[in-house]
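> Got a sequence here, can you build the structure:
(chains A and B)
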Amino acid sequence: MNMELSRRSFLKTSGAGIAGTTLGAFGFGEAEAAVAAFIKPFHLANTTEARNTCTYCSVACGIIIFSKGDLRKGEKADIVHIEGDADHPTNRGTLCPKGAALRDIVKSETRLTQPMVRKPGSDRFEPISWDAALDKIAHAMKHDRDANFVATNKDGVTVNRWLTAGFLAASATTNETAFATYKVVRSTGMLGFDNQARV
Amino acid sequence: MTNSWTDIKNTDLVIIMGGNAAEAHPCGFKWVTEAKANRGAKLIVVDPRYNRSASVADYYAPIRQGSDIAFLMGLINWCIQNDKVQWAYTKAFTNASFLVKEGFEYHEGLFTGYDEEKRDYNRDTWEYEIGPDGYAVVDDTLTHPRCVWNLLKQHVSIYTPELVERICGTPKDKFLHIAEMVGECSSPTKTMTSMYALGWTQHSKGAQNIRGMAMLQLILGNIGVRGGGMNALRGHSNIQGLTDLGLLSNMLPGYLNLPVDKEPDFATYMSTRGFKPLRPNQMSYWQNYRKFFVSFMKSMYGDAATAENDWAYHYLPKLDVPNYDILRMFERMKKGEINLYFCQGFNPLQAFPNRAKLSEGLSKLKLLVVMDPLQTETARFWEDHGVYNKTDPSSIQTEVIQLPTTCFAEDEGSLVNSGRWLQWHWPGGSPPGEARTDTWIMAQIHLRLKALYARDGGAFPDPIVNLNWSYKDPDEPTPEELAREMNGSALVDVFDPNDPTKKILEAGKQLPGFGVLRDDGTTASGCWIFSGCWTEAGNMMARRDNSDPGDTGAYLKWSFAWPANRRIIYNRASCDLEGKPWDPSRKLIEWDGAKWTGYDVPDIAPTAKPGDVGPFIMNAEGSGRLFVRKMMRDGPFPVHYEPFESPVANVIAPKIVGNPVSRVFKDDWKQFAQTASPDFPYAATTYRLTEHFHYWTKNNHVNSVLQPEQFVEISEELARDKGIALGGWVRVWSMRGSLFAKAVVTKRIKPMTIDGKIVHVVGIPIHWGFVGAARKGFPANVLTPFVGDANIETPEFKAFLVNIEASAGPAVS
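Have a look, this model is predicted:
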């Protein structure tokens, strides 16, 4: 069955009041039904859900992210809980010890929150604005590319390569990010361009 | 994967070798449990450690790390000797009958054409004999001495059960027990699946490990069938996608490759990519290469790619060496040849071998740019962490810019799982602080660079200023726009070449799939194999119908699988020559007399008659390759080579150290331990723990509580010999560095007897570093050797030499 539709229609028809009855009809035992009746309405009534995929390995377990606030309405959304997606054919709701703790990586104390720079010889990072950081990067690229670009090899063949810069791409970003990255990096003529698949 | 996670439930026998799915892919491993519980399937695990997968296996055998090829060639030899071959499949669907050129030979570890100085082969004889009709010559009776089957038979004949025991340390009776279990799957109604991961790839002959099993699966008739296949479990959540998209130093999206210096123009480039069929009637689907290439260039460069400028061929950089892979880049960095380096969600200081060398390289950069959701060791390589990262920041002149990015939970788009499913996901939370998406950052870099080149000119600005960037908001292309671009669209109205009055595509519309791509610049597609993912019918990757007609595990309406939503590739091979399933109880597709139909998208032209067209449509032969011609640098058949650091000399070719064609940089030779070195007597290997993911989850409090501290794993026998106590500190060191860790003394690892010599194994989990929530520790790469696979340069993390001693632990300052 189409799980997106069924889940939505289930939501529509099952207000908090009748959820217990509906679940009972699904064959849940009384105790489970009582727990489910309490928990599910809490999830569903007080949070928004987003379908996502576990960020770790390529089994790619389906997950549901529960947040306070709705991004689709342009609100700030604060993730309060992440659990396995029972509708997903591969993991059927289960998660491993890494997946089960996904919320903690999103909320890790070592998440980065602002651009930083470590100057030559310094022993610390200091804040820098996005604009200043990006300008610095673009100028450094242009300067180095102009100085070291190899337009032709010793036999006079056009080779158009840039060998003094390199780029390592992420392997947990989306295909869409990867394609944008591909376009930007390859268009510069950089050859030292790899991703984690090399390991 | 040729198959999918959910397909594993269809198998009769699972062999886990070169991986540890129960530990590293727990939720995927549940499909093994499913097959065991519901089909009575058996599980074999072959590994140096009695690991978590082994703990639920029906049969376990130990093997010394780095000796898998001897074991696999031993299995092929045993199957041939004992008539455990699916003959009809092997004869019809593999290149067993093809004749190899006269002059091709193999002696004592080397094939014809070896040049010791270049560490490379002249591979000219590694080819088929071509007949006067232009096709490869075959001998269907398999009697010709130069047919692939007889060459294979001869090649594997040395790998007897006795030799396997000598090289691998696997007791002969255990090897034979496994051979018998595997041999049963030569029946058309029994199938085996191979599940492997980094345990096979991270060797100097990693690609040949995998080929060894693929060859075995071919002669057993297990490729293309439900419950069979070669299943690479893969690593990160989108490592498959980034591979598919060609973010590799020698690739273009969709497994096209970059030009090399010997291809000065497009015509020369295409001249070796014609892929003319090698047998009559074969599809040889790469014949469409030009369509894929031109459509990609239209996607990259739009109107700037024209027939007149060879579709902007010169906008692509050309390679003067096979690869600018990461090992080569760090070698160049160390020599001061790299000024600028970007790390996007990648922590190479932990992820590549010989950390001291990596650190030295990073110290010579002018600018290092790190884009990451988390703190990484790489971004802080200059920071002094005492024994864990001893530095003098004042002497390091590298400028480091660290940019905060969103993570999966704040981002929208698709990821490709191991089974090639492109699954769309939606964001659930707002990014912390000023964190931005990687796409926004890349767009900012591009737009600034483009503005600078437009204003000031400079070195060959054309590919930068002409890059197709026609997004509604150039500052941040949307996931939808990018996905639509990868799928591709018609650039003008396109008409049927056979009937110019018939319009088949309308300008501006999304393409239904790669079958309609053109090589005349009228279609664009960023990645041909993804075509079909976002059509006029919408986002196919977001589909969430989990129905499964026939209970086959295919789930055709869940997300989108490349290519063409096909769930098991080579699935034509699931049927015999008449087009009937080898195993009617596991029907996947079949020939109904006029066309192919079934539970999966047929991997063959829908009306290709079963007797005419072979199932391996990407190969010019139409068949699977037991002999891989000149396509791999280290041989058309796998050969057992020792790791570069080995406790014993190579039994079959004592003079050969490591893989004879692996690239080794001069300084790195000096940092390898000698074969059987008394200073480094123990065979080390690295691995992962289920509670941790690489170097990420040490940033996660829960996972850091579950596995807070680094340890190494050794046998009770070695602990006794060295006076090491369970839970006590040890120091482990190699030619490249040393680490301190707690000792786990275990029965899971046992000493092995290799060629008469006792060899002890030291197991080293990889997950620690100097940032995060876990206790500080040493990453395993302080020890590992700087050498890669001969074909693709994946580092040899799985087999190297160390020494070990009891210790008081790291000095606390």
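> pLDDT score assigned to residue 8?
Reading this off chain A. Note on residue A:8: pLDDT of 42.
> that answer is for a different chain, and I need it for chain B
In this model, residue B:8 carries a pLDDT of 98.
> can I assume it sits in a strand?
No. According to DSSP: H, G, I helix; E, B strand; the rest coil, residue B:8 belongs to no strand; its state is helix.
> got the CA coordinates for stretch B:39-59 in CSV?
The C-alpha coordinates for stretch B:39-59 follow below in CSV (Å, rounded to 0.1, in the frame of the first residue of the first chain):
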residue,chain,number,x,y,z
ARG,B,39,14.4,-20.3,4.0
GLY,B,40,16.8,-22.3,6.1
ALA,B,41,19.7,-20.4,4.5
LYS,B,42,23.2,-21.0,5.9
LEU,B,43,25.8,-18.4,6.8
ILE,B,44,29.6,-18.9,6.3
VAL,B,45,32.0,-16.4,7.8
VAL,B,46,35.7,-16.4,6.8
ASP,B,47,37.7,-13.8,8.8
PRO,B,48,40.9,-13.4,10.9
ARG,B,49,38.6,-12.8,13.9
TYR,B,50,35.7,-14.7,15.2
ASN,B,51,33.6,-11.5,14.8
ARG,B,52,30.0,-10.6,15.4
SER,B,53,28.9,-12.0,12.1
ALA,B,54,30.8,-15.2,12.9
SER,B,55,29.0,-15.5,16.2
VAL,B,56,25.7,-16.2,14.4
ALA,B,57,27.3,-18.2,11.5
ASP,B,58,26.6,-21.8,10.7
TYR,B,59,30.2,-22.2,9.8
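> Could you check that stretch and say which residues are buried?
Across stretch B:39-59, burial judged by 16 or more other CB atoms under 10 Å in any protein chain shown covers B:41-54, B:57, B:59. To be clear about C-beta, it is placed using only N, CA and C from the backbone, and glycine gets the same treatment.
> Confirm residue B:269 sits in a helix?
Yes. The assignment for residue B:269 is a helix, going by three-state DSSP.
> Which residue is the nearest non-sequential neighbour of it?
Excluding its sequence neighbours, the residue lying closest to residue B:269 (CB to CB, 6 or more residues apart in numbering or on different chains) is residue B:263, at 4.2 Å.
> Can you pull the phi/psi pair for the one you found?
With angles defined as degrees, to the nearest 10, residue B:263 shows backbone torsions of phi -120, psi 70.
> surely it meets residue B:273?
No. Counting by CB atoms under 8 Å, residue B:263 does not reach residue B:273; the two are 9.7 Å apart.
> which of those two has more neighbours?
Higher neighbour count among residue B:263 and residue B:273: residue B:263, with 19 against 14, using other CB atoms under 10 Å in any protein chain shown.
> what about that one, distance to residue B:735?
Using CB to CB, to the nearest Å, residue B:263 is found at 40 Å from residue B:735.
> For the stretch 601-750 of chain B, which residue gets nearest to chain A?
Nearest residue of the stretch 601-750 of chain B to chain A (CB to the nearest CB) works out as residue B:702 at 3.7 Å.
> That residue: neighbouring residues, count only.
Residues contacting residue B:702 under the criterion other CB under 10 Å number 17.
> same question, the one 10 residues further on
Using other CB under 10 Å, residue B:712 is surrounded by 22 other residues.
> State the distance from it to residue B:42.
Distance, residue B:712 to residue B:42, by CB to CB: 32 Å.
> which residues are in contact with stretch B:390-403?
Stretch B:390-403 is contacted by residues A:112, A:115-123, A:125, A:128, A:133, A:136-137, B:359, B:362-372, B:379, B:381-385, B:436, B:441 when judged by CB atoms under 8 Å, 6 or more residues apart in numbering or on different chains.
> okay, how far is it across it, tip to tip?
Stretch B:390-403 has an end-to-end distance of 25 Å (CA to CA, to the nearest Å).
> pLDDT of that stretch, averaged?
Per-residue scores along stretch B:390-403 average to 98.
> List the buried residues in it.
Applying 16+ other CB under 10 Å to stretch B:390-403 flags B:391, B:396, B:398-403 as buried.
> Now render the residues you listed as JSON lines, adding secondary structure and distance to residue B:191.
As requested, the buried residues of stretch B:390-403 are arranged in JSON lines below (DSSP: H, G, I helix; E, B strand; the rest coil; distance: CB to CB, whole Å):
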{"residue": "B:391", "secondary structure": "coil", "distance to residue B:191": "54"}
{"residue": "B:396", "secondary structure": "coil", "distance to residue B:191": "56"}
{"residue": "B:398", "secondary structure": "coil", "distance to residue B:191": "53"}
{"residue": "B:399", "secondary structure": "strand", "distance to residue B:191": "56"}
{"residue": "B:400", "secondary structure": "strand", "distance to residue B:191": "52"}
{"residue": "B:401", "secondary structure": "strand", "distance to residue B:191": "52"}
{"residue": "B:402", "secondary structure": "strand", "distance to residue B:191": "50"}
{"residue": "B:403", "secondary structure": "strand", "distance to residue B:191": "48"}
